[in-house]
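Trainee: Build the 3D model from these lines:
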Amino acid sequence: MNKNSNWRVVTLISICFIIYLILSIFSFAFDFKWEPFEKVNLITDVFDKNKKSEIVKEDLQKNNPENSKSNSKNLVQDFELYKKPNFITNFYKGDSVTALTEFAEKLHQLKTSKKGKIRIAYFGDSMIEGDLLTQTLRKLLQKEFGGYGVGFLPIHSKVGGFRQTASVKSSGWETTNFMDKGAKNMYISGFSFSGLGNGSFTDKTVTAPPSLQKFLIYGESNGGNINYDGTSISLQGNDLVNSQLLSNNNATSFELKSNSATTPFYGVSFESENGIILDNFSFRGITGVEFRKIDEDFLKAVQKANHYDLIVMQYGVNLLFRPNDTDYSYYTKNMTPVLEKFISAFPKTDILLVSSADRAFRYNGEYQTAKGLPNLLETQARLAYDHHLAFFNLFETMGGENSIVDWASQKPPLANKDYVHPNGKGADILAEKLFHAIMNDYNNYKPKTETTP
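Mentor: Numbers count the residues shown, from 1 in each chain. I've put the predicted structure just below:
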């Protein structure tokens, strides 16, 4: 064999080796399965075949909130925990596991120091419209941990007359919301307002407070200004979202007028200097997927302007709009990018998914729980499980199957005859149950300052 032939053989072997090495690396890195690689993989002697799964497992453990009491234990996950009523779960088994660890630590700090704010964003549909459920939850949390004030109010509200905790009377605003085609980057309330409008805002949750901070929440001002109770105030911020203190006194109401037609206005807020601030973000008819219209940078700007320590998402009944639907895989597909965006934009914030409550349709002449509700609950729980979020089963907490029918039939009733919405009394009961679940979760928490024996 001549030298040229030898060189061609060496070259061919070298090329084949390089190709096989590259394919072996891809097989290892991306779990690509092919029988020759299972028998002979060129990098199995370099890397432990179990190393990748160990790395993934370690990464998941780091990203999963674990109760500091249980750090030394091997926690076991159990998806079936989602079926448990009156219980916030992160799907880890154990009587002393805390699901909302970041939130619990902040509650502990507030309880100890009496200083600082804990801000909660509670998202939902018509189930919490008019501050239903959230008004009682806010009251209970503020009584336990301190604070007062109704929190966020939109610039304009169609339920201003229905809501008992606040009054919003406004006119002259141009409104953009989730339902508008092509709308983008409304506030997390689902609304944005512009124009030379005016409004009157009142916090009805407090009377003669020692001091009450009043904030305006708005977008890029570009030198805009407003009239606040007869005084002209220049808007200072030019971020995507800005929060500007308007006054800090014992007044519980004020009037506002826009002098800037181009500035986007989002809402106002009544807050104590310390304690719990719980914002109600209700939007009738939505399922949560509408947040795809708000990009991640905007969400990060929200967090920068008003830092949220807990995000609650309560959706579901609007997915049950046809009585015989049972497949909600489309919801998983549409909601997954929304949750991923929130997780990325609020990295140090606990997120709690609250399931659908009961909803009934007429089957064979009588109202019964929607056929698809068990599948929807499992779908919602799976979203929480797969994204390492906390979960609260509202359906089981209110009594499970046919509970909405029972609630509507009681005297006095706890739900409306539409067999969808709990009324004020029913919403108060659900708020109390959620509060006790939060307290149980908090009471399991062991502060970071304490050492584990």
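
Trainee: how about low-confidence regions in the stretch 301-450 of the chain?
Mentor: Applying pLDDT under 70 to the stretch 301-450 of the chain flags residues 449-450.

Trainee: Helices of that one, residue ranges please.
Mentor: 329-345, 373-386, 394-397, 403-409, 424-443 (DSSP state H, counting those that start in this stretch).

Trainee: how about residue 140, what does it touch?
Mentor: The neighbourhood of residue 140, defined by CB atoms under 8 Å, 6 or more residues apart in numbering, consists of 431, 432, 435. Yep, even glycine has a C-beta here, placed from its N, CA and C like the rest.

Trainee: Spit out the contact partners of the last one.
Mentor: Residues in contact with residue 435 (CB under 8 Å, 6+ apart) are 136, 137, 140, 141.

Trainee: so what's the second one up against?
Mentor: It stands for residue 137. By CB under 8 Å, 6+ apart, the contact list for residue 137 reads 122, 278, 431, 434, 435.

Trainee: The second one - how many residues pack around it?
Mentor: Meaning residue 278. 25 (other CB atoms under 10 Å).

Trainee: In contact with residue 78, which residues?
Mentor: Per CB under 8 Å, 6+ apart, neighbours of residue 78: 91, 92, 93.

Trainee: repeat that with 7 Å
Mentor: Residue 78 is in contact with 91, 93, counting by CB atoms under 7 Å, 6 or more residues apart in numbering.

Trainee: Could you tell me how far it is located from residue 387?
Mentor: 17 Å (CB to CB, to the nearest Å).

Trainee: In terms of secondary structure, what does the strand or helix carrying residue 111 contact?
Mentor: In this structure, residue 111 is located in helix 101-113 according to DSSP states H and E. Counting contacts by 3 or more CB pairs under 7 Å, 6 or more residues apart in numbering; DSSP states H and E, helix 101-113 is packed against strand 117-124, helix 134-145, helix 424-443.

Trainee: between those, which one is nearest to residue 300?
Mentor: For residue 300, the closest of the helices and strands packed on helix 101-113 is strand 117-124, at 14.1 Å, according to CB to CB.

Trainee: May I have the closest one as CSV, with CA atoms only?
Mentor: Extracted in CSV, the C-alpha atoms of strand 117-124 (Å, rounded to 0.1, in the frame of the first residue of the first chain):
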residue,chain,number,x,y,z
LYS,A,117,-44.4,46.2,53.5
ILE,A,118,-45.6,42.9,52.2
ARG,A,119,-47.4,43.3,48.9
ILE,A,120,-49.8,40.7,47.5
ALA,A,121,-51.2,40.7,43.9
TYR,A,122,-54.4,38.7,43.8
PHE,A,123,-55.5,38.0,40.2
GLY,A,124,-58.8,36.6,39.3
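
Trainee: Quick check: neighbours of it in the sheet, parallel or antiparallel?
Mentor: strand 275-282 (parallel), strand 310-314 (parallel) (DSSP bridges).

Trainee: Can you redo the ones you listed as TSV, where the extra columns are distance to residue 356?
Mentor: Shown next, in TSV, are those (distance: least, CB to CB, whole Å):
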stretch	distance to residue 356
strand 275-282	15
strand 310-314	8
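
Trainee: which non-adjacent residue is nearest residue 252?
Mentor: residue 203 (4.8 Å; CB to CB, 6 or more residues apart in numbering).

Trainee: Run through the residues that contact the one you found.
Mentor: 149, 150, 166, 212, 252, 270.

Trainee: can you pull the contacts of the fourth one?
Mentor: Contacts of residue 212 were listed using CB under 7 Å, 6+ apart, and they are 149, 203, 206, 249, 250, 251, 252, 270, 272.

Trainee: could you redo the last one with a cut-off of 8 Å?
Mentor: Residue 212 makes contact with 148, 149, 203, 206, 248, 249, 250, 251, 252, 270, 271, 272 under the criterion CB under 8 Å, 6+ apart.

Trainee: out of the residues you listed, who's nearest residue 294?
Mentor: Among the contacts of residue 212, residue 271 lies closest to residue 294 (CB to CB), at 23.0 Å.

Trainee: residues near residue 108, how many?
Mentor: The burial count for residue 108: 18, using other CB under 10 Å.

Trainee: Same question for the one 4 residues further on.
Mentor: Burial of residue 112, expressed as a neighbour count using other CB under 10 Å, amounts to 10.

Trainee: returning to that earlier point: output the contacts of residue 203 in TSV; the columns should cover pLDDT, distance to residue 116 and secondary structure.
Mentor: As requested, the contacts of residue 203 are exported to TSV (pLDDT from 0 to 100; distance: CB to CB, whole Å; DSSP: H, G, I helix; E, B strand; the rest coil):
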residue	pLDDT	distance to residue 116	secondary structure
149	98	15	coil
150	98	19	coil
166	97	24	strand
212	98	17	strand
252	98	23	coil
270	98	18	strand
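
Trainee: got these as JSON lines, with distance to residue 115 columns?
Mentor: What follows is the contacts of residue 203, written out as JSON lines (distance: CB to CB, whole Å):
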{"residue": "149", "distance to residue 115": "16"}
{"residue": "150", "distance to residue 115": "21"}
{"residue": "166", "distance to residue 115": "26"}
{"residue": "212", "distance to residue 115": "17"}
{"residue": "252", "distance to residue 115": "23"}
{"residue": "270", "distance to residue 115": "19"}
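
Trainee: Mind picking the two most distant members of those?
Mentor: It's 166 and 212 that sit farthest apart of those, by CB to CB, at 12.6 Å.

Trainee: Tell me the residues that contact both of the two, please.
Mentor: With CB under 8 Å, 6+ apart, residue 166 and residue 212 have common neighbours 203, 270.

Trainee: quick one: the residue nearest to residue 177 when sequence neighbours are not counted from residue 88, how far?
Mentor: Sequence neighbours aside, residue 191 is the residue nearest to residue 177 in space, at 4.9 Å (criterion: CB to CB, 6+ apart). Separation of residue 191 from residue 88 (CB to CB): 29 Å.

Trainee: CA atoms of stretch 431-446 as CSV?
Mentor: Taking C-alpha atoms only, stretch 431-446 is exported to CSV below (Å, rounded to 0.1, in the frame of the first residue of the first chain):
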residue,chain,number,x,y,z
ALA,A,431,-61.5,34.0,52.2
GLU,A,432,-61.4,32.7,55.8
LYS,A,433,-60.5,29.2,54.6
LEU,A,434,-57.7,30.5,52.4
PHE,A,435,-56.5,32.7,55.3
HIS,A,436,-56.3,29.7,57.7
ALA,A,437,-54.5,27.7,55.0
ILE,A,438,-51.9,30.6,54.7
MET,A,439,-51.6,30.7,58.5
ASN,A,440,-51.1,26.9,58.7
ASP,A,441,-48.4,27.2,56.0
TYR,A,442,-46.8,30.1,57.9
ASN,A,443,-46.9,28.3,61.2
ASN,A,444,-44.9,25.4,59.7
TYR,A,445,-42.1,27.8,58.8
LYS,A,446,-38.9,27.8,60.7
